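Trainee: model the structure of this input:
(chains A and B)
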Amino acid sequence: MSKVEEKLFQNRYLLDEGNPHIRIKNPELCKASCAQPCTFCCPAACYVKNEAGGVDLTTDGCLECGTCRIICSGNNNLEWDYPRGGFGISFKFG
Amino acid sequence: MTERFDAIVVGAGPAGSAAAYVMAKAGLSVLMLERGEYPGAKNVQGAILYSDALERIIPEFRDEAPLERHIVEQRVWMLTDKSHIGFDYRSDEFNDAKPDRYSIIRAQFDRWFCTKVKQAGALVICDTVVRTLLKDEKGQVIGVKTDREGGDIFANVVILADGVNSTLARDAGFRKELDGDNTALVAKEMHFLRPEVIQNRFNIGEKEGVAFELVGTLTRGKIGMGFIYTNLESVSIGIGCMVGDFEKGGLTPYGLLDELKAHPSVKPLLAGSEMKEYSAHLIPEGGYKAIPKVYGNGWMVVGDSAGLVNSIHREGSNMAMTSGQLAAETVIALKKEGKSFTEQNLARYRSALDDSYIIKDLKKYQGMPGFLHGNRHVFTVYPELMSQAASTMLRVDGIDKKSKEKQVTKSFRQKRGLFGLVGDAIKFARAFR
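Mentor: Purely as a prediction, here's the structure:
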């Protein structure tokens, strides 16, 4: 387990299976002309570079901070929403 | 729900709860909607609560609210890779009957605040995301659309307390997307220790607390700051930088936090602790110049949603509560006068903000974000120079003190040049005045 996964393991989530709240609109756009800052800015490491040169997104560990939406706003390549009511991260302490 | 409320508040953080509480207490019909499974489930803060703003809304809060420790000592540390040089202020006066600040745990605090809102007569519904604002043909906001079935709910006015991301205000065209150069991303962990260990380690009494603010070389010239706050049986530790700075690469939020925890001055403070939660959150730090429009036909924006944060003094939740209160008072007054919630009438809320400490303070520091962007070296150069100076002067090694003084002066001039040093001082003073 990577260090960030160990951190996320402590958190409480209510997963909305099969219903990710963030979506990459056009995966091809990530390959071309993008430095892929989402892969090192996301505090939950939800974005990972893949072998095809693109980015894989898994929202399970998402902390719902909004950073990815800001850094991708230039390319406008994310569909970013909050999880359905009650789902997603549930901070015990916050 | 066919009922029409006097007001709908979106978001059960300090801003939303303050607004809902004040309106419900005045007898208005209020609905507060929260997307988390309980109030606080989505909320993150350091967290230090400043008493004044809450005391003006709930004078007896000290008897009821889940407060952790009242802060008796504040430490400001400048870190280099191996050292820290700091400034502490501790006073027994912070032990008076009505302390002015406390450490809190937001998930607990927000739940309590929300119970007060319910007791005051408001309806609170959790597990509910507001997807869009409902407008009539003239553009007047008349309610909200939620993600529940048949989820349209109507009100005379909608108060947006939906937090820093404020997707609602953005989607409605009330504001632009957040600017990465004006928004900090902070990663935080909660470390649990026995209360006696915390008290011994931080040199404090049973209910006393310490707050640290940290700057230094570990942000590697990026605009950033860390903190350590003592709670009753846990220590909150966090650090963040501007999103725009993270974007340039070389540093991850969790990597930065791990470096802070491993710093030789910090590590012993957390030794033996159990980490029980990792969180991250954005802080709107653009200050006065970044404040969006805060009112319009049928709507007002409060708290983080409106960017009301004084990043220099680490104040935000107090401004959230005060802005919530001022928005609520605007609604109460207009209803009493039988006036409608038009943009023209809601302009009173902005005037009230202008007359309060919120806009006065944000105006005072309006040059600060610009200064920091143009002078990132202050985060690395000065901690290093101060540390070197202290090390040179304190080391007893057979070199006379006069020569040591010369060496220190020389190192400052070499690093920044005389003009650089004077320039930094002038620019800083201008931004601060």
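Trainee: could you use CA atoms for every contact and neighbour count after this?
Mentor: Noted.
Trainee: please enumerate the strands of chain A.
Mentor: Along chain A, counting by DSSP state E, strands occupy A:13-14, A:22-24, A:47-49, A:55-57, A:78-80, A:88-89.
Trainee: buried deepest among these, which one?
Mentor: Among those, the stretch with the highest mean neighbour count (mean count of other CA atoms under 10 Å in any protein chain shown) is strand A:88-89, at a mean of 25.
Trainee: what lines up beside that one in the sheet?
Mentor: According to DSSP bridges, strand A:88-89 forms sheet pairs with strand A:13-14 (antiparallel).
Trainee: chain center to the strand it pairs with: distance?
Mentor: Distance, stretch centre to chain centre, for strand A:13-14: 15 Å (CA atoms, centre = their mean, to the nearest Å).
Trainee: again with stretch B:424-432
Mentor: Distance, centroid of stretch B:424-432 to centroid of chain: 24 Å (CA atoms, centre = their mean).
Trainee: what of stretch B:201-210?
Mentor: The answer for stretch B:201-210 is 23 Å, by CA atoms, centre = their mean.
Trainee: list the buried residues in that stretch.
Mentor: Using 16 or more other CA atoms under 10 Å in any protein chain shown as the test for burial, stretch B:201-210 gives B:202, B:204, B:207-210.
Trainee: among the residues you listed, which pair sits farthest apart?
Mentor: Largest separation among these by CA to CA: B:Phe202 and B:Lys207, giving 12.0 Å.
Trainee: in JSON lines: the strands of chain A, plus mean pLDDT.
Mentor: Formatted as JSON lines, the strands of chain A follow (pLDDT from 0 to 100):
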{"stretch": "strand A:13-14", "mean pLDDT": "97"}
{"stretch": "strand A:22-24", "mean pLDDT": "98"}
{"stretch": "strand A:47-49", "mean pLDDT": "97"}
{"stretch": "strand A:55-57", "mean pLDDT": "97"}
{"stretch": "strand A:78-80", "mean pLDDT": "97"}
{"stretch": "strand A:88-89", "mean pLDDT": "98"}
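Trainee: which of the buried residues of stretch B:201-210 sits closest to B:Pro369?
Mentor: B:Val210 (26.9 Å).
Trainee: in chain A, where is pLDDT below threshold?
Mentor: Scanning chain A for pLDDT under 70 picks out A:1-2.
Trainee: what parts of it come near chain B?
Mentor: Applying CA under 8 Å from any CA of the partner chain, we find that chain A lies next to chain B at A:4, A:7-8, A:10-11, A:37-38, A:40-43, A:63-67, A:70-71, A:73, A:82, A:84-87, A:89-94.
Trainee: what's next to stretch B:248-267, contact-wise?
Mentor: With contact meaning CA atoms under 8 Å, 6 or more residues apart in numbering or on different chains, stretch B:248-267 is reached by A:4, A:37, A:40-43, B:81-84, B:185-188, B:218-219, B:238-240, B:246, B:270.
Trainee: dump it to PDB, restricted to CA.
Mentor: Coordinates of each C-alpha in stretch B:248-267 appear next as PDB, following Å, rounded to 0.1, in the frame of the first residue of the first chain:
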ATOM      1  CA  LYS B 248       3.800  23.600 -11.000                       C
ATOM      2  CA  GLY B 249       4.900  20.200  -9.700                       C
ATOM      3  CA  GLY B 250       7.600  18.900  -7.300                       C
ATOM      4  CA  LEU B 251       5.400  18.500  -4.300                       C
ATOM      5  CA  THR B 252       2.300  16.500  -3.500                       C
ATOM      6  CA  PRO B 253      -0.100  17.500  -0.700                       C
ATOM      7  CA  TYR B 254       0.400  14.200   1.200                       C
ATOM      8  CA  GLY B 255       4.100  14.300   0.600                       C
ATOM      9  CA  LEU B 256       4.300  17.700   2.100                       C
ATOM     10  CA  LEU B 257       2.300  16.700   5.100                       C
ATOM     11  CA  ASP B 258       4.600  13.700   5.600                       C
ATOM     12  CA  GLU B 259       7.700  16.000   5.400                       C
ATOM     13  CA  LEU B 260       6.200  18.200   8.100                       C
ATOM     14  CA  LYS B 261       5.500  15.300  10.300                       C
ATOM     15  CA  ALA B 262       9.000  14.100   9.900                       C
ATOM     16  CA  HIS B 263      10.600  17.500  10.600                       C
ATOM     17  CA  PRO B 264      13.000  17.100  13.600                       C
ATOM     18  CA  SER B 265      11.100  19.800  15.600                       C
ATOM     19  CA  VAL B 266       7.700  18.400  14.900                       C
ATOM     20  CA  LYS B 267       8.200  14.600  15.000                       C
END
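Trainee: and the residues of chain A next to chain B, which are buried?
Mentor: Among these, those classed as buried by 16+ other CA under 10 Å are A:4, A:7-8, A:11, A:37-38, A:40-43, A:63-67, A:70-71, A:82, A:84-87, A:89-94.
Trainee: just the buried subset of the contacts of stretch B:248-267, please.
Mentor: Buried members of the contacts of stretch B:248-267, counted by 16+ other CA under 10 Å: A:4, A:37, A:40-43, B:83-84, B:185-188, B:218-219, B:238-240, B:246, B:270.
Trainee: sort out for me which of those are in helices.
Mentor: If you go by DSSP state H, those have A:4, A:40-41, B:246, B:270 in helices.
Trainee: related to what we said a few turns ago, show only the entries of the residues of chain A next to chain B found in helices.
Mentor: The helices, defined by DSSP H, take in A:4, A:7-8, A:38, A:40-41, A:67, A:70-71 from the residues of chain A next to chain B.
Trainee: and the residues you listed, which is closest to B:Ala122?
Mentor: B:Ala122 lies nearest to A:Thr67 out of these, by CA to CA, at 32.9 Å.
Trainee: show me what contacts that closest one?
Mentor: Shown in contact with A:Thr67 (CA under 8 Å, 6+ apart): A:41-42, B:185, B:243, B:282.
Trainee: please give me every residue in contact with residue 40.
Mentor: No chain specified, so I'll use chain A. A:Phe40 sits in contact with A:47, B:246-247, B:249, B:251-252, where contact means CA under 8 Å, 6+ apart.
Trainee: look at chain B instead
Mentor: Neighbouring residues of B:Gly40 by CA under 8 Å, 6+ apart: A:91, A:94, B:12-13, B:106-111.
Trainee: which of those residues has the most neighbours?
Mentor: Most neighbours among those, by other CA atoms under 10 Å in any protein chain shown: B:Ala12, with 33 neighbours.
Trainee: wait, that residue sits on B:Met32?
Mentor: Yes. Contact criterion CA atoms under 8 Å: B:Ala12 and B:Met32 qualify, at 6.9 Å.
Trainee: quick one: the residue nearest the centre of chain A from B:Lys42, how far?
Mentor: By CA atoms, centre = their mean, the mean C-alpha position of chain A lies nearest to A:Cys46, the distance being 3.9 Å. According to CA to CA, to the nearest Å, A:Cys46 and B:Lys42 sit 18 Å apart.
Trainee: if A:Val55 is in a bridge, with which residues?
Mentor: Here A:Val55, judged by DSSP bridges, has bridge partners A:Lys49.
Trainee: which parts of the stretch 1-150 of chain B sit against chain A?
Mentor: B:35-38, B:40-45, B:105-108, B:126-129, B:147.
Trainee: gap between the two ends of stretch B:388-402?
Mentor: This stretch, stretch B:388-402, spans 16 Å end to end (CA to CA).
Trainee: buried stuff in it?
Mentor: Neighbour-count burial for stretch B:388-402 flags B:388-389, B:392-393 (criterion: 16+ other CA under 10 Å).
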